[in-house]
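J.: Here is my input; please provide its structure:
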Amino acid sequence: MVHRRNVLRNVVLVIALSITIVSLVLMIFPVNAQTPESTSSVVVWSPDGKLIAVSGWFGIHLYTPQLILVSPQIKSVGVVNSIAWSPDSTKLASADADYNIRLWDVSTGKATAVFTGHFNSVESISWSPDGSKLASSSKDSTVRIWDAHRGSVSKTIQLGYVSAVSWSPDGSKLAIAVPQSYGFTDVKILDISTGTTLYILKSQSVGHQRTMFWSSDSKHLLFLGPFVIDVKSAQRVSFPTCDGNESVAWSRDGHWIAGAGLVSGGGIGCMIDTITTNEIWLKNFPDGDASSLSFSSDGLYLVAVTDDGVNLSIWDTLTGQILHRLATLPSPTPPVNPQPLQFTSVCSSANEHYRVWHLLNPNPYQVFINWIVVNSSQSQESDEVIPAAVGQTPGERFFKTVIEAASDTVQIRDYPPTVNDSVVVGHAVSNSVECPTSTNIPMLTVTATATQSPTAP
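T.: Sure, this is the predicted structure:
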């Protein structure tokens, strides 16, 4: 009897340990149902109307309403997925690919705070109306509420992959976009104080919902389409003559809705008068589809940016005339004496078919790589961002590759490639499939040259 109890106890301990290990693995290597394949540029007009911020693979750039670069510029290095102005227009929050959130003082261009805690790329960010809190979503399948002054997390909500978050003007609700299969997106409305779901709006848009806009009374939301939906009744108003399957924007006073999308393969923009629900203009964007739109605070002007962040244009809301246009992008500062990255690989555990890679970056800027398993029965490819070194401590990142055959190889390349897709900066060959014991598997080490933010793709 005692023997049976001991056996049962050991089984329970093994199961508990297994669950813990699986949870840790999922935390480090989260599985997301649907994630965007590349970083699209985002443009946001400041609440006071004085500055325009643009983010993307190049970091962040600030412009005047006449599309003149301001000085000083924000000293960001690396991919920025999303940005949000503080309500008083003095700070800019960035959702960064290196898993962090940064607050920037726009008067100095310097970071005043770095919020750490996400385990994967931060995708979206939104300020509370009073500027005291921030909401963020990440590929680590969490939405987090932050104290904007202390940088501490007050609430963590597990929701799966969330592509966008938006705080309601009354401060009581948070809208989150949860991508589903076949390109559809569900939208959940959360109670900020409790984190509970108030409403679920099923299959509300087709396309990657990166932004959502609230009405000033916090009763309606604007989605890709474009269409406006009542968050309580789920009743919606569509604008079929205006295509906004790429990006949409809503003026602060609620009078104007702008849309941009794929119409017969061309870059088409439109403007809707919400009072009459009539389309007042339909125009060709001269630079192709706009990936992001934003109104000036008074609603008189609209700024549009293309996906690569290179082309910016300012439009007259009422007439649809282009007032200012910019078709160049400041080049990133090249790195000085880049130091090599160190990649080490060890077998994960007995009888597991994957390797865990440990990457160290000694450079004071984040580095971008792409890895791909070659000749594998299961194709794998992923992009990784290696954080910058802090002082003498190198930035580090872990990732894993599934090894199906002894002939499989893992190629590590600079990303996006500065020359072409064949640029290989690291290479390793697996020498075992089963990994019977970690001691039998020699550590694989490769060295790669560090590259800073690449030139425009």
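J.: For the rest of this, base every contact and every neighbour count on C-alpha atoms.
T.: Noted.
J.: Could you report the neighbour count for residue 319?
T.: Residue 319: 11 surrounding residues under other C-alpha atoms under 10 Å.
J.: Just list the residues touching it, thanks.
T.: residue 281 (C-alpha atoms under 8 Å, 6 or more residues apart in numbering).
J.: Surely residue 165 is in contact with residue 211?
T.: Yes - between residue 165 and residue 211 there is a contact under C-alpha atoms under 8 Å: 7.3 Å.
J.: Of the two, which one has the most company?
T.: With other C-alpha under 10 Å as the criterion, residue 165 and residue 211 differ in neighbour count, and residue 165 comes out ahead with 28 against 24.
J.: Counting by contacts, list what the helix or strand where the more buried one lies packs against.
T.: Taking DSSP states H and E as the definition, residue 165 sits inside strand 164-167. Here strand 164-167 touches strand 122-127, strand 133-138, strand 173-179, going by 3 or more C-alpha pairs under 8 Å, 6 or more residues apart in numbering; DSSP states H and E.
J.: what's the most buried one of the ones you listed?
T.: Highest mean neighbour count among the helices and strands packed on strand 164-167 (mean count of other C-alpha atoms under 10 Å): strand 122-127, with a mean of 28.
J.: and that strand with strand 133-138, angle?
T.: On the basis of axes from the mean of the first three to the mean of the last three C-alpha atoms, to 10 degrees, strand 122-127 is oriented at 160 degrees to strand 133-138.
J.: Give the pairing partners of strand 122-127; include direction for each.
T.: Neighbouring strands of strand 122-127 in its sheet, by DSSP bridges, are strand 133-138 (antiparallel).
J.: just for the stretch 151-300 of the chain, where's the confidence low?
T.: By pLDDT under 70, the weakly predicted segments of the stretch 151-300 of the chain are 182-183, 203-208, 243-245, 262-267.
J.: rerun at 80
T.: For the stretch 151-300 of the chain, residues meeting the criterion pLDDT under 80 lie at 181-184, 203-210, 225, 240-246, 261-268, 285-289.
J.: I'd like to know the beta-bridge partner residues of residue 399.
T.: Applying DSSP bridges to residue 399 gives these bridge partners: residue 357.
J.: before we move on, what about residue 238?
T.: On the basis of DSSP bridges, residue 238 is bridged to residue 227.
J.: how many neighbours does it have?
T.: The local packing of residue 238 (other C-alpha under 10 Å) involves 14 other residues.
J.: From residue 155, how far out is it?
T.: 35 Å (C-alpha to C-alpha, to the nearest Å).
J.: now do residue 318
T.: Separation of residue 318 from residue 155 (C-alpha to C-alpha): 42 Å.
J.: again with residue 291
T.: Separation of residue 291 from residue 155 (C-alpha to C-alpha) stands at 31 Å.
J.: who's more crowded, those two?
T.: The neighbour count for residue 291 versus residue 155, taken as other C-alpha under 10 Å, is higher for residue 291 (22 against 15).
J.: What pairs with the host helix or strand of that one, parallel or antiparallel?
T.: In the assignment (DSSP H and E), residue 291 maps to strand 290-295. In the sheet, strand 290-295 lines up against strand 301-306 (antiparallel) (DSSP bridges).
J.: Do me a favour and average the pLDDT over the strand it pairs with.
T.: The average pLDDT within strand 301-306 is 92.
J.: ok, now stretch 89-108?
T.: Averaging pLDDT along stretch 89-108 yields 93.
J.: can you give me the helices for the stretch 151-300 of the chain?
T.: In chain order, the stretch 151-300 of the chain shows no helices, with DSSP state H, counting those that start in this stretch as the criterion.
J.: what about stretch 119-129, start to end distance?
T.: Terminal-residue distance, stretch 119-129 (C-alpha to C-alpha): 27 Å.
J.: How much space separates residue 175 from residue 295?
T.: Distance of residue 175 to residue 295, computed by C-alpha to C-alpha: 20 Å.
J.: wait, residue 49 sits on residue 296?
T.: Yes - applying C-alpha under 8 Å as the test, residue 49 and residue 296 come out as touching, 5.7 Å apart.
J.: ok, residue 280 - contacts?
T.: Neighbouring residues of residue 280 by C-alpha under 8 Å, 6+ apart: 270, 271, 272, 273, 318.
J.: ok, back up a step: which one of the helices and strands packed on strand 164-167 lies closest to residue 97?
T.: Proximity to residue 97 (C-alpha to C-alpha) singles out strand 122-127 among the helices and strands packed on strand 164-167, at 5.9 Å.
J.: Could I get the average pLDDT for that closest one?
T.: Averaged over strand 122-127, pLDDT sits at 94.
J.: send the alpha carbons of stretch 260-279 over as CSV?
T.: Extracted in CSV, the C-alpha atoms of stretch 260-279 (Å, rounded to 0.1, in the frame of the first residue of the first chain):
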residue,chain,number,x,y,z
ALA,A,260,-7.9,53.8,-47.8
GLY,A,261,-7.7,50.4,-49.3
LEU,A,262,-7.3,48.1,-52.3
VAL,A,263,-9.6,49.1,-55.0
SER,A,264,-8.8,47.4,-58.3
GLY,A,265,-5.2,47.1,-57.2
GLY,A,266,-4.8,50.9,-56.9
GLY,A,267,-4.3,53.3,-54.0
ILE,A,268,-7.7,54.9,-53.4
GLY,A,269,-8.7,57.2,-50.6
CYS,A,270,-12.1,58.5,-49.7
MET,A,271,-13.8,60.9,-47.3
ILE,A,272,-17.2,60.4,-45.6
ASP,A,273,-19.4,63.0,-44.0
THR,A,274,-20.9,61.2,-41.1
ILE,A,275,-23.8,63.6,-40.7
THR,A,276,-25.1,63.0,-44.2
THR,A,277,-23.3,59.6,-44.6
ASN,A,278,-22.4,60.8,-48.0
GLU,A,279,-19.0,60.3,-49.7
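J.: Mind listing what's buried along that stretch?
T.: Within stretch 260-279, the residues that count as buried by 16 or more other C-alpha atoms under 10 Å are 260, 261, 262, 267, 268, 269, 270, 271, 272, 273, 274, 279.
J.: Repeat that for stretch 302-322.
T.: For stretch 302-322, burial by neighbour count (16+ other C-alpha under 10 Å) applies to 302-315, 317-318, 320, 322.
J.: What is the end-to-end distance of that stretch?
T.: Terminal-residue distance, stretch 302-322 (C-alpha to C-alpha): 9 Å.
J.: And the spatially closest residue to residue 175 that is not a sequence neighbour, how far from residue 220?
T.: Of all residues not flanking residue 175 in the chain, residue 189 sits nearest, at 4.7 Å (C-alpha to C-alpha, 6 or more residues apart in numbering). The gap separating residue 189 from residue 220 is 11 Å, by C-alpha to C-alpha.
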